[in-house]
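# Have a look; sequence and predicted model below, questions after that.
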Amino acid sequence: MQGLHLTADLHGCAATLPAMVDPLALRALCLGAVRRAGLQPVGELFHPFPAPGGVTGVVLLAESHLAVHTWPELGAVTLDVYVCNLQTDNSASAEALLLALQAAFGPSQAEHHRVHRGRAGTA
């Protein structure tokens, strides 16, 4: 059940990027990045919010999940990538996915967090 949970808070993203406001654009971006990272999507939901709101998108992965929230009015995006490592170590795939999405949004600032989850014997 060991896994890697990565998050990123992106600031200074261009509000004019289609993926900031268009659920279909965010979906295409996310699913393409998931596949390029070598992960397997098994479900998805992308929900737009009324202007000037953004989009919340979730991709369920065989390995766990990806969640993206956009705030065009703030030029901000949050990314959440969690992968389980039961039969194989998916950590490199999680890193690749997070970095690909970050690059697509082109933030001027990014704050990252990394949590190793499910280790036996840890509190």
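In hand now; what should we look at?
# Double-check that residue 119 belongs to a strand.
No. Going by DSSP: H, G, I helix; E, B strand; the rest coil, the assignment for residue 119 is coil, not a strand.
# Check the contact between it and residue 85; I expect there is one.
No. Shown here, residue 119 and residue 85 do not form a contact pair, counting by Cβ atoms under 8 Å, at 10.4 Å. Placement of C-beta: from N, CA and C, glycine included.
# Out of these two, name the residue with the larger neighbour count.
Just comparing residue 119 and residue 85: by other Cβ atoms under 10 Å the higher neighbour count belongs to residue 85, 18 against 9.
# What count of nearby residues applies to the nearest residue to the more buried one once chain neighbours are set aside?
With Cβ to Cβ, 6 or more residues apart in numbering as the criterion, residue 85 has its nearest non-adjacent residue at 4.7 Å, and that residue is residue 2. Taking other Cβ under 10 Å as the criterion, the count of residues near residue 2 is 14.
# thinking again about what came up before, overlap in contacts, residue 119 and residue 85.
Common neighbours of residue 119 and residue 85 (criterion: Cβ atoms under 8 Å, 6 or more residues apart in numbering): residue 2.
# In three-state terms, how would residue 19 be classified?
helix.
# ok, now which ones touch it?
With contact taken as Cβ under 8 Å, 6+ apart, residue 19 is in contact with 25-26, 29, 55, 70, 104-105.
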